[in-house]
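> just coords:
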């Protein structure tokens, strides 16, 4: 398994945090292949990849986030893939803990870890939405390492609890998998719900092994500003719950933005 994993760092624009992200991938206690995938090639991205000893893969199509993520999965060339987001930081034990979970539970289609919110300086911080997601996780799946069925559905029903950057895929368990084109904010949430409905096994490492940045530079912040996230959140809640309940949950969820 050690040689059959890739981190694919998804680079878009010239993020000031890309180099830190790549350094955190190089510092993993379990070695892995690293690829920087981008549809916005630049000297900065190429230099960051070169300095980190990472391969550079350029997506010739600029058709949105789903296209970039699917391109990353396709270019990985390994059974196990983590789509690393350029603004995030990975603890040195992220890959080791994740791969240990797959070794213990070979039926797992994906493994997700805990995460924490960090400032631009990398200092942990808390928000209302992060706290709410932590409480939902504790109430629905707790410390369980294997999550399936009704409990998984409940966990996914109150918002998007799994940032894609915390997830590692076993592509041998996911033939033909792709993120849904046309979504900008909730393509990962929609994918988790689709895999849950298909009966896939999710693995869980509860330790917060990923530091996630939220600031005005991130794509999430832009999607909140232009209203796209609110619309997609509403669509997901209405797909999961009866419409009146879905609308109520969406209203409460959006209050945490």
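Done, it's in. What you are looking at is a predicted structure, and each value in this text was computed from that prediction instead of being measured. Residues are numbered from 1 along each chain as shown.
> Low-confidence regions, the stretch 101-250 of the chain specifically.
Residues of the stretch 101-250 of the chain meeting the criterion pLDDT under 70: 215-227.
> can you give me the strands in it?
Using DSSP state E, counting those that start in this stretch, the strands of the stretch 101-250 of the chain run over residues 108-118, 124-125, 146-147, 167-170, 201-213.
> Could you check how far residue 97 is from residue 143?
Here residue 97 is placed at a distance of 13 Å from residue 143 (CB to CB, to the nearest Å). In short, each C-beta sits where N, CA and C put it, glycine included.
> neighbour count winner among the two?
More crowded of residue 97 and residue 143, by other CB atoms under 10 Å: residue 97, with 18 against 10.
> Does residue 67 belong to a helix, a strand or coil?
Following DSSP: H, G, I helix; E, B strand; the rest coil, residue 67 is assigned to helix.
> which residues touch it?
39, 59, 61, 181 (CB atoms under 8 Å, 6 or more residues apart in numbering).
> can we see that at 6 Å?
residue 61 (CB atoms under 6 Å, 6 or more residues apart in numbering).
> Pull up the gap between it and residue 57, please.
Distance of residue 67 to residue 57, given as CB to CB: 13 Å.
> burial count for the residue nearest to residue 144 when sequence neighbours are not counted?
Distances taken as CB to CB, 6 or more residues apart in numbering place residue 204 nearest to residue 144, at 6.1 Å, with adjacent residues excluded. Counted with other CB under 10 Å, the neighbours of residue 204 add up to 23.
> from what I can see residue 204 touches residue 147, true?
Yes - under the contact definition of CB atoms under 6 Å, residue 204 touches residue 147, with a separation of 5.3 Å.
> rewinding a little: for the strands of the stretch 101-250 of the chain, which one sits closest to residue 32?
For the strands of the stretch 101-250 of the chain, the distance to residue 32 is smallest for strand 167-170, at 10.1 Å, taking CB to CB.
> List the strands paired with the closest one, with their directions.
Using DSSP bridges, the strands paired with strand 167-170 in its sheet are strand 80-85 (antiparallel), strand 108-118 (antiparallel).
> Which residues outside it are in contact with it?
Contacts of strand 167-170 (CB under 6 Å, 6+ apart): 80-82, 98, 109-112.
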